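Q: quick one: sequence and predicted model below, then my questions.
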Amino acid sequence: DAKTTQPTSMDCAEGRAANLPCNHSTISGNEYVYWYRQIHSQGPQYIIHGLKNNETNEMASLIITEDRKSSTLILPHATLRDTAVYYCIAPGSGGYQKVTFGTGTKLQVIP
Amino acid sequence: ETGVTQTPRHLVMGMTNKKSLKCEQHLGHNAMYWYKQSAKKPLELMFVYNFKEQTENNSVPSRFSPECPNSSHLFLHLHTLQPEDSALYLCASSPRAGDEQFFGPGTRLTVL
C-alpha cells in the first residue's frame, strides 16, 4: 500500500467548498485512492474512490492529478455535519489488499 | 436490518473474563475486517477475511481470536485482556478485500 500524506487540520466556512489535499507520490499505476471520513466516535464512512479520472458522487468530488501523485477531495458546500476526520488511503494491489489509515485531516466547518 | 451491525455496543470486562464481539453484514459482501481504534490513535487493522479465509493477521496478540463462520458473520473472541486493550473495535465489510469498506458503529470495550 502506498504511503499517503495529509495536513493535520483544516478549517472551512459553512457553505463554502472544502478542498482536502492528499499526497500519494509512491502510488503504483493500478492502485486506487479511497477517501473515508470519521465523525467523532462513529465508524468511518466511505466517501469516494478513483484511479485516474476525476470522480463525483452525491457526497463529494475527487480530483486526481495526471501523474497520480496527489489528489483533492472537494466537498462543494460544507455544512457543520461535515466536521470530521478525513482519511485518504491507497490500499495497494495484488491478491488481497489491506487498508492503512493514517491520522487523516481534521476538518472543522465553522458557522 | 441493513448495513453492518455490531453487538454489543458497549462492553466492560475484567482481565480474566472471556467475551465475544459480533459483527453482521447484510450487504452481500465477501470480505470482513476487524479494526482497533485506541484513544487519539489511528485505526489499526487487526484481521481480514476474504471469502471466509483469513488473509491478514496484523501481528495481533493471541488473546484476540477471530472467527468467520460465513461471509455474513464475524466474531472476535476475547480472553485474558489487558487494560491497554480498551478501545473502540470496529468491524467493516467490502465486496472483496480491498474494495470500499462499510463500517459498523463499533463496540466500545473497557477492560478493568
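A: Done, it's in. Numbers count the residues shown, from 1 in each chain, chains lettered A, B, ... in the order given.
Q: look up the closest residue to B:Lys18, ignoring the ones flanking it.
A: B:His79 (4.5 Å; C-beta to C-beta, 6 or more residues apart in numbering or on different chains). Every residue, glycine included, has its C-beta placed from N, CA and C.
Q: which bits of chain B sit near chain A?
A: B:4, B:33, B:35, B:42-43, B:45, B:48, B:50, B:55-56, B:58, B:88, B:90, B:92, B:97-98, B:100-106 (C-beta under 8 Å from any C-beta of the partner chain).
Q: find the residue at the geometric middle of chain B.
A: Centroid check for chain B by C-alpha atoms, centre = their mean gives B:Trp34 as the closest residue, at 3.3 Å.
Q: where's that residue, which helix or strand?
A: Element membership of B:Trp34, judged by DSSP states H and E, is strand B:31-37.
Q: what's the next secondary structure element after that strand?
A: Assigned by DSSP H and E, the successor of strand B:31-37 is strand B:44-50.
Q: for the record, mean pLDDT for that next one?
A: Per-region confidence: strand B:44-50 scores 91 on mean pLDDT.
Q: in its sheet, what does that strand sit against?
A: Strand B:44-50 sits in its sheet next to strand B:31-37 (antiparallel), strand B:53-57 (antiparallel), going by DSSP bridges.
Q: so which of these is the most packed in?
A: strand B:31-37 (a mean of 24; mean count of other C-beta atoms under 10 Å in any protein chain shown).
Q: which residues touch that one?
A: Under the criterion C-beta atoms under 8 Å, 6 or more residues apart in numbering or on different chains, residues A:99, A:101, B:23, B:25, B:43-51, B:66, B:68, B:71, B:74, B:76, B:87-99, B:101, B:106 lie in contact with strand B:31-37.
Q: of the residues you listed, keep whichever come out buried.
A: Buried residues within these, counting neighbours by 16 or more other C-beta atoms under 10 Å in any protein chain shown: A:99, A:101, B:23, B:25, B:43-50, B:66, B:68, B:71, B:74, B:76, B:87-94, B:97-99, B:101, B:106.
Q: okay, and which of those residues map to strands?
A: B:23, B:25, B:44-50, B:66, B:68, B:74, B:76, B:87-94 (DSSP state E).
Q: and for residue 102, the neighbour number?
A: In the absence of a named chain, this looks at chain A. Here the number of neighbours of A:Gly102 (other C-beta atoms under 10 Å in any protein chain shown) works out to 15.
Q: um, chain B though
A: For B:Phe102, the count of nearby residues is 19 (other C-beta under 10 Å).
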